[in-house]
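**Student:** how does the following fold in three dimensions:
(2 chains)
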2 protein chains.
Amino acid sequence: LKTSEAAELRARLRAVRHTVLVLSGKGGVGKSTFSALLAHGLAADETKQVALLDIDICGPSIPKMMGLEGEQVHQSGSGWSPVYVEENLGVMSVGFLLSSPDDAVIWRGPKKNGLIKQFLRDVDWGEVDYLIVDTPPGTSDEHLSIVQYLSATHIDGAVIVTTPQEVSLQDVRKEINFCRKVKLPIIGVVENMSGFVCPKCKNESQIFPPTTGGAEKMCQNLNVSLLGKVPLDPQIGKSCDRGQSFLAEAPESPATLSYRNIIQSESENHCANESPRFRALLQYAKGLNRLVLLCHK
Amino acid sequence: LKTSEAAELRARLRAVRHTVLVLSGKGGVGKSTFSALLAHGLAADETKQVALLDIDICGPSIPKMMGLEGEQVHQSGSGWSPVYVEENLGVMSVGFLLSSPDDAVIWRGPKKNGLIKQFLRDVDWGEVDYLIVDTPPGTSDEHLSIVQYLSATHIDGAVIVTTPQEVSLQDVRKEINFCRKVKLPIIGVVENMSGFVCPKCKNESQIFPPTTGGAEKMCQNLNVSLLGKVPLDPQIGKSCDRGQSFLAEAPESPATLSYRNIIQSESENHCANESPRFRALLQYAKGLNRLVLLCHK
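**Tutor:** Take a look at the predicted model:
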């Protein structure tokens, strides 16, 4: 990064208070779903300004999940405007730049990196309390670029999303190694699809069985926090397809209850902990908690 | 591609008869699982030589799924040797070049492309009836490079793997557009995770609900063959983690039966069809069919 570019990025992002990357090794583990819910959760506090940036250039899911499909980015004197879900929740994705949601973005690394830089430098983000960055799977261009570009400012850390089976955990270990190599703090790991409760007989099945102990054992071995486990719920996929928050649509679901448990135990465990990482986590937890409470009103 | 490079690739790959790419828009839909089963299925015919090439550089799952974790590539006078599962089934993956399966490959596009070229040019593939290429999700460097490098020889076509929900289908449409743009024939679409049968009460749940009609409607709309739907089965994840074929371990599973149905209906539908694409498909179907029959012995 040239000095002039770093200065530009710093100037544009100076009013961003907290930044969280949402990572996963493997695709299809619920990364974008988690990013979308986290953004909704934080924005439940109307005094906070939340930004959700989707840097999955070839497979952007965020516009659909946030109910923003078909929206376009507007250009103003101060740059591109994010697309707003609510007044305090702005979203940016390559999806808003395509003429059809089926258009393929057939780009090699340098073009993807160029767009990510534009998303940071040319978007009029304004005052932002939380910038959530949803990433594609892997440890390649997009990940290196976002960490490099945000080094001009500050990243609180990364949340890593996984599913319980070893094939997925193997990729999470790679992602943890990536974080350590680029000195990105790890906020913790979320295990999605942890089990499925049959709606008819209430029997729980492990659809992606944790043959090697799941995220729990991996987190112990690697000394990383497990933020929680969320069971499979068909309502999650339905809500994502409709662009709505499943927590609002299924307050009684075991998945919603799991989210609440994650939040409570995290708050209890880390209340007394003074590290900025855990304070930041507590903020998200509070945000998610607010969301859950809101859903139960 | 320089003329000299194209000539080198052509020379190395001249004894490869059929090449199939396995693609998906979204990650985590079962692409590597399908690639692994297809390779096993084709190799059930001992007179055929099968090669499985994993070009998911940042998230290679094939070594684990094929039970080859910890194996290393050997160098011989005629190039790198693939790792052999059986005498007629050779595998190549970046996983065989790492000192630990948890090592992250933190590479931007050009380095990934360089390795893919090496996998084609420097590996002593020998006589190969079927080369199956497992790809990462998306439409970026790896996809453009493999199509470019293999243009020196011949690609029969692509199988696209998806799950039923719209968020996944949206990415498949991008992948289909990619195939059309680069003139890659589409053999067909496989829908994984099409439903889950509770092992206790046998009630079927749609875990990733087909809110927009699933792969079936998409295939009709886009005039692409649907090769079949495979239900979720926890045994699949377990078998993959153990590096074994789940068809062999669960011959009674609805997923195994679905595979058999895919194969039978495909054979019936396309027997009379003379296009090379369908003749190739018939070959795979026969291969998979042999696998299923083998499992039932």
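
**Student:** identify the residues contacting the one residue in the stretch 51-200 of chain A that gets nearest to chain B.
**Tutor:** Closest approach of the stretch 51-200 of chain A to chain B (CB to the nearest CB) occurs at A:Gly109, with a separation of 3.1 Å. C-beta coordinates here come from the backbone N, C-alpha and C atoms, glycine included. Neighbour list for A:Gly109: A:Ser140, A:Asp141, B:Arg108, B:Gly109, B:Pro110, B:Ser140, B:Asp141 [criterion: CB atoms under 8 Å, 6 or more residues apart in numbering or on different chains].

**Student:** 7 Å instead, please
**Tutor:** By CB atoms under 7 Å, 6 or more residues apart in numbering or on different chains, the contact list for A:Gly109 reads A:Asp141, B:Arg108, B:Gly109, B:Asp141.

**Student:** pLDDT value on A:Leu282, please?
**Tutor:** Turning to A:Leu282, the model gives it a pLDDT of 51.

**Student:** my guess is A:Gln165 contacts B:Asp241. True?
**Tutor:** Yes. Contact criterion CB atoms under 7 Å: A:Gln165 and B:Asp241 qualify, at 5.7 Å.

**Student:** who touches both of these two?
**Tutor:** A:Thr211.

**Student:** does stretch A:144-157 come close to chain B?
**Tutor:** Yes. Interface with chain B: stretch A:144-157 contributes A:Leu144 (CB under 7 Å from any CB of the partner chain).

**Student:** one more: stretch A:15-25?
**Tutor:** Yes. Looking at stretch A:15-25 against chain B by CB under 7 Å from any CB, the contacts come from A:Gly25.

**Student:** export that stretch as PDB, just CAs?
**Tutor:** Written as PDB, here are the backbone C-alpha positions of stretch A:15-25 (Å, rounded to 0.1, in the frame of the first residue of the first chain):
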ATOM      1  CA  ALA A  15     -15.000   7.700  11.800                       C
ATOM      2  CA  VAL A  16     -15.200   3.800  11.900                       C
ATOM      3  CA  ARG A  17     -15.000   2.800  15.600                       C
ATOM      4  CA  HIS A  18     -15.000  -1.000  15.500                       C
ATOM      5  CA  THR A  19     -14.300  -3.400  12.700                       C
ATOM      6  CA  VAL A  20     -15.000  -7.100  12.700                       C
ATOM      7  CA  LEU A  21     -14.100  -9.600  10.000                       C
ATOM      8  CA  VAL A  22     -16.300 -12.700   9.700                       C
ATOM      9  CA  LEU A  23     -14.200 -15.600   8.300                       C
ATOM     10  CA  SER A  24     -14.500 -19.300   7.600                       C
ATOM     11  CA  GLY A  25     -12.200 -21.800   6.000                       C
END
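
**Student:** ok, and what's touching it?
**Tutor:** Residues from elsewhere that reach stretch A:15-25, judged by CB under 7 Å, 6+ apart: A:31, A:34-35, A:125-135, A:137, A:146, A:150, A:153-162, A:168, A:171-172, A:174-175, A:187, A:280, B:59.

**Student:** related to what we said a few turns ago, neighbour count winner among A:Gln165 and B:Asp241?
**Tutor:** Neighbours were counted for A:Gln165 and for B:Asp241 using other CB atoms under 10 Å in any protein chain shown; A:Gln165 has more, 25 against 21.

**Student:** residue closest to the middle of chain A?
**Tutor:** The centroid of chain A falls nearest to A:Ser35 when counting by CA atoms, centre = their mean (2.7 Å).

**Student:** for A:Leu42, see how far away that residue is.
**Tutor:** Distance, A:Ser35 to A:Leu42, by CB to CB, to the nearest Å: 11 Å.

**Student:** from A:Val230, how far out is the residue nearest to the centre of chain A?
**Tutor:** 14 Å.

**Student:** one more: A:Gly90?
**Tutor:** Per CB to CB, A:Gly90 is found 26 Å from A:Val230.

**Student:** which parts of chain A are strands?
**Tutor:** The residue ranges that make up the strands of chain A, judged by DSSP state E, are A:16-23, A:50-54, A:74-76, A:79-81, A:83-86, A:89-92, A:128-134, A:157-162, A:186-197, A:204-205, A:226-232.

**Student:** please name every helix or strand in contact with the second one.
**Tutor:** Using 3 or more CB pairs under 7 Å, 6 or more residues apart in numbering or on different chains; DSSP states H and E as the contact criterion, the secondary-structure elements in contact with strand A:50-54 are helix A:31-43, strand A:89-92, strand A:128-134.

**Student:** pick out the shakiest of those, pLDDT-wise.
**Tutor:** If you rank the helices and strands packed on strand A:50-54 by mean pLDDT, helix A:31-43 sits at the bottom with a mean of 86.

**Student:** could you give the angle of that helix to strand A:16-23?
**Tutor:** 160 degrees (axes from the mean of the first three to the mean of the last three CA atoms, to 10 degrees).

**Student:** how many residues are close by the nearest residue to A:Pro199 once chain neighbours are set aside?
**Tutor:** Once flanking residues are discounted, A:Pro199 sits nearest to B:Ser205: 6.2 Å by CB to CB, 6 or more residues apart in numbering or on different chains. By other CB under 10 Å, the residues close to B:Ser205 number 19.

**Student:** check contacts around B:Ser205.
**Tutor:** Listed by CB under 7 Å, 6+ apart, the contact partners of B:Ser205 are A:Cys198, A:Pro199, A:Pro234, B:Gly195, B:Phe196, B:Cys198.

**Student:** let's see it at 10 Å
**Tutor:** Contacts for B:Ser205 (CB atoms under 10 Å, 6 or more residues apart in numbering or on different chains) come out as A:196-200, A:205, A:232-234, B:195-198, B:232.

**Student:** same thing with A:Gln148?
**Tutor:** A:Leu1, A:Ala6, A:Leu9, A:Asn113, A:Ile116, A:Lys117, A:Val182.

**Student:** picking up where we left off before, neighbour count: A:Gly90 and A:Val230, which is higher?
**Tutor:** A direct count of neighbours by other CB under 10 Å for A:Gly90 and A:Val230 places A:Val230 higher, at 27 against 24.

**Student:** so that one makes contact with A:Phe196?
**Tutor:** No. Using CB atoms under 10 Å, A:Val230 is not in contact with A:Phe196; the gap is 11.5 Å.

**Student:** quick check: neighbours shared by those two?
**Tutor:** Both A:Val230 and A:Phe196 are contacted by A:Pro254, under the criterion CB under 10 Å, 6+ apart.

**Student:** A:Ser61 and B:Ser168, how far apart?
**Tutor:** In this view, A:Ser61 and B:Ser168 are 9 Å apart by CB to CB.

**Student:** so for the two, which sits in the more crowded spot?
**Tutor:** Each of A:Ser61 and B:Ser168 has its neighbours counted (other CB under 10 Å); B:Ser168 has more, 30 against 25.

**Student:** show me what contacts A:Glu8?
**Tutor:** So A:Glu8 contacts A:Leu1, A:Lys2, A:Lys117, A:Leu120, A:Arg121, A:Asp122, A:Ala152 (CB under 10 Å, 6+ apart).
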